[in-house]
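> Could you work out the structure for the sequence below:
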Amino acid sequence: MALSAQDKILYVANKLGLSTLNQMQGSTGAVYDVDSDISGQIFTSASRHQNPGITNLTQNEFEVNEALLVETIAFYTKDAAGNVENFARTFGSNAVIVFDLVIGNKRVMKDTPIFGAGNPYTFANTANTNGGAAEAQVSFYSPRHQVYMEGAGVLIPPQVQWYVDYRVFNVVTGATIVPTDAATIGCYLFGTRVLLNFNTSI
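From the prediction side, this is the model:
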């Protein structure tokens, strides 16, 4: 019998002694942030941004009655004007992001690659731009580069700080690619989010 997202959330909550988590309601949710400091970390400086064009967080820590079961991790780039750009279009098809997801003081995902284009295709979504302007636009706005979690995902529990460490490389030369103010890296975590259930808690 497969473990559902809700089962995993409740299991982890029980292990952490969070007895009220089963009184909450869950829905899909997402958090996002941009490394506008070009520090190689995303979400650590969310409290300084306070701008929905950059982040939807006030801190990289959920409140007492809040958690996120991450099912998709995705990356994108932003230009100097704040426009969202396709990763491969900005850094080239030879670019790869290698990232770690850190929850608390534990790396729960380590050295995970997301390729700009090419193999493995699982990690990238790029359109064919050989068909002219229309298809080029499809490539420009194609979905952000993603990792889909198989199974029940990774849970970020309440009151635990988390962040994403990342590096960008050229997979052909091995050279490090350094983001700039004109091409910053953003990340969003998408999955099942639980919040305080007002029907049972007020």
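
> remind me which residues of the protein are low pLDDT?
Applying pLDDT under 70 to the chain flags residues 1-6, 8-26, 116-152, 196-202.

> So which residues of it form strands?
Taking DSSP state E, the strands of the chain run over residues 25-34, 41-42, 67-79, 84-85, 95-103, 106-115, 145-148, 154-156, 162-170, 183-195.

> Any chance of TSV for those strands, columns distance to P52 and mean neighbour count?
Every residue, glycine included, has its C-beta placed from N, CA and C. Shown next, in TSV, are these (distance: least, CB to CB, whole Å; neighbours: other CB atoms under 10 Å):
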stretch	distance to P52	mean neighbour count
strand 25-34	10	17
strand 41-42	16	22
strand 67-79	13	22
strand 84-85	13	16
strand 95-103	23	20
strand 106-115	24	15
strand 145-148	21	18
strand 154-156	20	22
strand 162-170	19	19
strand 183-195	13	22
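
> Distance to I177 added to those strands, as a markdown table?
Formatted as a markdown table, those follow (distance: least, CB to CB, whole Å):
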| stretch | distance to I177 |
| --- | --- |
| strand 25-34 | 17 |
| strand 41-42 | 16 |
| strand 67-79 | 11 |
| strand 84-85 | 14 |
| strand 95-103 | 6 |
| strand 106-115 | 13 |
| strand 145-148 | 14 |
| strand 154-156 | 26 |
| strand 162-170 | 4 |
| strand 183-195 | 9 |
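
> Kindly provide the distance from G174 to V98.
In this structure, G174 and V98 are 12 Å apart, going by CB to CB, to the nearest Å.

> Common neighbours of the two, please.
Here G174 and V98 share no contacting residue, scored by CB atoms under 8 Å, 6 or more residues apart in numbering.

> nearest spatial neighbour of V168, skipping sequence neighbours?
In this structure, V168 finds its nearest non-sequential neighbour in I177, 4.2 Å apart by CB to CB, 6 or more residues apart in numbering.

> which residues touch that neighbour?
By CB under 8 Å, 6+ apart, the residues touching I177 are F91, A95, V168, F169, N170.

> my guess is the second one meets T77, correct?
Meaning A95. No: A95 is beyond contact range of T77, at 9.9 Å (criterion: CB atoms under 8 Å).

> intersection of neighbour lists for the two?
Common neighbours of A95 and T77, using CB under 8 Å, 6+ apart, are F87.

> Quick check: bridge partners of V34?
With DSSP bridges as the criterion, V34 is bridged to G186.

> contacting residues for it?
Per CB under 8 Å, 6+ apart, neighbours of V34: I42, H49, I54, T55, K78, T184, I185, G186, C187.

> hang on, isn't the second one packed against T55?
Yes: when contacts are counted by CB under 8 Å, H49 is listed as touching T55 (4.6 Å).

> Which neighbours do the two have in common?
Joint contacts of H49 and T55 (CB under 8 Å, 6+ apart) are D33, V34.

> what about these two, which has more around it?
A side-by-side neighbour count of H49 and T55, using other CB atoms under 10 Å, places T55 first with 23 against 17.

> Leaving out chain neighbours, which residue sits closest to that one?
D33 (4.1 Å).

> same deal with R193?
Among residues not flanking R193 along the chain, G29 sits closest, at 2.7 Å (CB to CB, 6+ apart).

> Right, I'll leave it there.
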